[in-house]
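Q: Sequence and computational prediction follow.
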Amino acid sequence: MPKMKRPATPQEEMLVTQQIYQGPLPPPKVLESYDKIRPGTAQEIVELAQEAQKHYIFMDRQEVRREFWSLTFSFIIGLVGQLGSIAITLAGFYMAYFYIKAGEPTLGYWIAGSATVICGYLIWWKVQETKKDKG
């Protein structure tokens, strides 16, 4: 590892400082210098920062509301889908029961089987959609 040479005289030394400031407003010293150049500028900058903060909070709340209603809607649609699937299956079994009692067991079995397959497909489809959304 090469050694660094030390400066020969004190005049060759240099001190570097860096100041970093993060936030919606510049540091107070900078605001003062702006106000010296054009009076009232510091107040304008503070007011703009306040308006920007209000807008940011408003937009954040809007996003939370949108997300809430999106999740609520998804839950309701899922619930309606499940209830619809159960209704299809029960209606199929109900029809199959009456066809079997009426002396048409083959037709009754086909209706019961079809209702079960439709219900199974709807449940499988919902599971696949949920996996896609998560992954």
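A: Looks like it came in fine.
Q: going forward, measure contacts and count neighbours with C-alpha atoms only.
A: OK.
Q: out of all of them, which helix in this protein is the longest?
A: Of all segments of type helix in the chain, defined using DSSP state H, the longest is helix 41-101.
Q: For that one, give the mean pLDDT please.
A: Mean pLDDT, computed over helix 41-101, is 92.
Q: ditto for stretch 124-135
A: 84.
Q: going forward, begin numbering at 803 instead of 1
A: Shifting the count to begin at 803 puts that one at stretch 926-937.
Q: How far does that stretch sit from its chain's centre?
A: Here stretch 926-937 is found 17 Å from its chain centre; the criterion is C-alpha atoms, centre = their mean, to the nearest Å.
Q: ok, the residue nearest to the spatial centre of the chain to V919 distance?
A: With distances taken as C-alpha atoms, centre = their mean, the residue of the chain nearest its centroid is E869 (6.7 Å). Per C-alpha to C-alpha, to the nearest Å, E869 is found 34 Å from V919.
Q: coming back round to it: what packs against the helix or strand following the longest helix of the chain?
A: Sequence order places helix 907-936 as the next helix or strand after helix 843-903, per DSSP states H and E. Applying 3 or more C-alpha pairs under 8 Å, 6 or more residues apart in numbering; DSSP states H and E, one finds that helix 907-936 contacts helix 843-903.
Q: Please find the angle between the direction vectors of the helix it packs on and helix 907-936.
A: Between helix 843-903 and helix 907-936, the angle formed by their directions is 160 degrees, by axes from the mean of the first three to the mean of the last three C-alpha atoms, to 10 degrees.
Q: what packs against helix 843-903?
A: Counting by 3+ C-alpha pairs under 8 Å, 6+ apart, helix 843-903 packs on helix 830-839, helix 907-936.
Q: Mind putting those helices into CSV with distance to Q821 and mean neighbour count?
A: Listed next are those as CSV, based on distance: least, C-alpha to C-alpha, whole Å; neighbours: other C-alpha atoms under 10 Å:
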stretch, distance to Q821, mean neighbour count
helix 830-839, 12, 13
helix 907-936, 44, 14
